[in-house]
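*Asks:* Quick one: sequence and predicted model below, then my questions.
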Amino acid sequence: MIASADTPAERLLSDYREYLLRERGLTAGSVAHWERVARLFLAERSEPLEDALQRLTTAEVTGFVVERCAPGRCSGSTAKILTGGLRSLLRYLHVAGFTTIPLAQAVPRAAGWRLSSLPRALEAEQVARLLESCDRATVTGRRDLAILSLLARLGLRCCEVAGLCLDDIDWRAGEVTIRGKGATTERLPLPHDVGEATADYLRDGRPASVGFREVFVTAKAPRRPLSPTGVTHVVGCACKRAGMEPVGAHRLRHTLASDLLRAGTPLAQIAPILRHASVATTAVYAKVDRDALRALARPWPLAGGAA
């Protein structure tokens, strides 16, 4: 079943979206993830939709997950988003009376082990190449340099860069307000080089005539705020210009955390820089310091008792 502009599926999705925003208090980014999962699931239900939901079985729920999360089809993180989103939808469907039995518990748990892989940090020379690849003689180059500087020096997420508004920068205090996950707001120091790159773009790059407050704007008309996906694209283009393998924007965040850790900065001080609510979240970066781990590792005993 494919939802059109005014169908039972679209009306249900609209109500679900309001529920997530108003009742659950989720951010727009989280709502978009959950709604995407809901749309996929509802698209596979037969018509009429209300009858299909009343007849919904655990087998249909698990079958959807097994098919979508088949080996090689999606990553572990994507599987977790899908299963989490499906549980949320099924809870709503039951509370709203669309399903007669609670089916959220029928959703299989996606396999995944926290801290199972090392975050991959870039070398300082690689970060420098990314920044140097931006042509400051062009509008796009000035914009991209400001974006890459925010990612590399402040460890911002793509959504945080895209959501940055003109009023968030306090030039006198040398601070920037970041609106992060879970509707959190943090004020961070604005390093001189980052402020200089941003001011250069605002002064001689960002069109003054646009009718919105977001700092970063698409390079071509129609002008609109740059999306998180657009920020990711900026990083990808910089990698190509620098002759590097493509990396995600989050790698720059990993790199900042890893550099701070290697410099001896305690996790308790790194956590607020990355805007982590818990030091336990920041602890993932403790695995990056291979030298420290190597020093803690005991030699493997050899045959005959020799160490």
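*Replies:* Here it is on my side, so go on.
*Asks:* any idea how far residue 168 is from residue 183?
*Replies:* According to CB to CB, to the nearest Å, residue 183 stands 15 Å off from residue 168. Just so you know, the C-beta spots here come from the backbone N, C-alpha and C atoms, and that holds for glycine as well.
*Asks:* neighbour count winner among those two?
*Replies:* residue 168 (18 against 10; other CB atoms under 10 Å).
*Asks:* What pLDDT does the model give the more buried one?
*Replies:* Reported pLDDT at residue 168 in the predicted model: 96.
*Asks:* Look up the closest residue to it, ignoring the ones flanking it.
*Replies:* In space, and not counting its chain neighbours, residue 168 is closest to residue 177: 4.2 Å by CB to CB, 6 or more residues apart in numbering.
*Asks:* What helix or strand is that neighbour located in?
*Replies:* Residue 177 belongs to strand 175-179 when assigned by DSSP states H and E.
*Asks:* could I get that strand in CSV with only the CA atoms?
*Replies:* C-alpha atoms of strand 175-179 as CSV (Å, rounded to 0.1, in the frame of the first residue of the first chain):
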residue,chain,number,x,y,z
GLU,A,175,31.0,32.0,22.4
VAL,A,176,28.6,30.0,20.4
THR,A,177,25.3,28.4,21.5
ILE,A,178,24.9,24.8,20.3
ARG,A,179,21.4,23.2,20.3
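*Asks:* how about that strand: buried residues?
*Replies:* With burial defined by 16 or more other CB atoms under 10 Å, the residues of strand 175-179 counted as buried are 175, 176, 178, 179.
*Asks:* Please, where are all the strands along the chain?
*Replies:* Using DSSP state E, the strands of the chain run over 169-170, 175-179, 185-189.
*Asks:* quick one, which of the ones you listed is nearest to residue 161?
*Replies:* Nearest of these to residue 161, taken as CB to CB: strand 175-179 at 9.3 Å.
*Asks:* Show residues contacting the closest one.
*Replies:* Contacts with strand 175-179, where a contact means CB atoms under 8 Å, 6 or more residues apart in numbering, come from 154, 156, 160, 163-164, 168-170, 185-190, 275.
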